[in-house]
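Q: this is a predicted model, with the sequence first.
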Amino acid sequence: MKGLGRWWRSRHLERERARFSDRDWERAWRRLPLLAGLEPLAVERLKELALLFLRAKTLEPVQGLRVTAEMELTLALQACLPVLELGLDWYRGWYAVILYPDEFVPEHEVMGEDGVVWTEREARSGEAWEQGPVILSWADVDAGRRRDGYNVVIHEMAHKLDLRDGVANGCPPPHAGMSASEWKRAFSRAYADLCRRVDAGEETEMDPYAAESPAEFFAVASEAFFEIPARLAEVYPDVSRQLAHFYRQDPLARLRDGSVSRVCHKRIVEETRKLDVDHEPLRDADQDLKARQR
Ligand SMILES: [Zn+2]
């Protein structure tokens, strides 16, 4: 880094650091079991990335949500874990994180095969727009408290990494030394296997939402890689290896305890909801039983 760049970086860091107390850091860190086992140097690097992330992205709470310092750190630490060994530059080109209190219902215009355009309204826990904001439900960000394979922040950040080459296809730009054909082979096989098992109504170790598309498979596999790496390595070892090459991390080595809860979220197709109001939050006591769109 050039001298001026280093100076700016340390000034930004200083300003951000002053906003958070040790207690904020401790409480945010305690919320996130997926950070267990990080080496002290990696801990410091992740904290620094989280501060720079909060400096670079505007956090926009909506629907009256009040965001505390602890909540900001909880979000930023999860967002920066995937780029811990890649650098924040992988998140360049977008500037906002919109934070809903809970699930939201965006309206999207969709064109059917017959050319008819209709408005889709589906409850979501997160969204990532190409060169646009990331939209998250705080209730789902806070679900990072459980290491169960579901992590909406990592999911949306994986979409952002996938979109670095302009296409959401489950293939983020590979690093030097990675083999695109090995990546494709590992992911195609695993995706086909998961789709077959979901179609057959079998229980799956990975969230069946991954069967939606190759892009969703990559995002859900990334959630599993950081939350329940032993389970992913057991079911799809080639995918686990490819992700370790891509993220340049080995959560499997640091999260050795194996004390994870079951990953499978039952796939229950929600009834189409007809809502008049855009972005109305949904309340549902049984959120874990829904196939959450993200
Ligand atoms: Zn997704």
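A: The structure has been received and is ready for your questions.
Q: helix/strand/coil for residue 79?
A: For residue 79, the assignment made with DSSP: H, G, I helix; E, B strand; the rest coil gives helix.
Q: what is the burial count for the nearest residue to residue 247 once chain neighbours are set aside?
A: Closest residue to residue 247 apart from its sequence neighbours, by CB to CB, 6 or more residues apart in numbering: residue 82 at 6.0 Å. Where C-beta positions appear, they are placed from N, C-alpha and C, glycine not excepted. For residue 82, the neighbour count with other CB atoms under 10 Å is 24.
Q: pretty sure residue 82 sits against residue 226.
A: Yes. Using CB atoms under 8 Å, residue 82 is in contact with residue 226, at 7.1 Å.
Q: overlap in contacts, those two.
A: residue 154 (CB atoms under 8 Å, 6 or more residues apart in numbering).
Q: all helices of the stretch 1-150 of the chain, in order?
A: With helices called from DSSP state H, counting those that start in this stretch, the stretch 1-150 of the chain shows them at 3-17, 22-31, 40-56, 69-80, 138-141.
Q: contacts for the third one?
A: Taking contacts as CB under 8 Å, 6+ apart, the residues outside helix 40-56 that touch it are 9, 12-13, 15-17, 20, 25, 35, 38, 72-73, 76-77, 79-81, 83-84, 88, 91, 95.
Q: now the helices of the stretch 1-150 of the chain in TSV, with mean pLDDT?
A: Formatted as TSV, those follow (pLDDT from 0 to 100):
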stretch	mean pLDDT
helix 3-17	82
helix 22-31	96
helix 40-56	96
helix 69-80	98
helix 138-141	97
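Q: contact partners for the residue nearest to residue 247?
A: 154, 157, 158, 161, 222, 226, 247.
Q: go with 10 Å
A: 90-91, 151, 153-154, 157-158, 160-161, 222, 225-226, 243, 246-247, 249 (CB atoms under 10 Å, 6 or more residues apart in numbering).
Q: repeat that for residue 161.
A: Contacts of residue 161 (CB under 10 Å, 6+ apart): 82-83, 86, 90-91, 128, 172-173, 218-219, 222, 246-247.
Q: can we see that at 7 Å?
A: 82, 90, 172 (CB atoms under 7 Å, 6 or more residues apart in numbering).
Q: what do you get for residue 143?
A: residue 150.
Q: let me know the pLDDT of it.
A: pLDDT for residue 143: 93.
Q: need the residues of the stretch 151-294 of the chain near the ion, please.
A: For the stretch 151-294 of the chain, the residues in contact with the ion (CB under 5 Å from the ion) are 216, 219, 294.
Q: mind doing that once more with 8 Å?
A: Applying CB under 8 Å from the ion, one finds that the stretch 151-294 of the chain approaches the ion through 155, 156, 158, 159, 209, 212, 215, 216, 219, 220, 293, 294.
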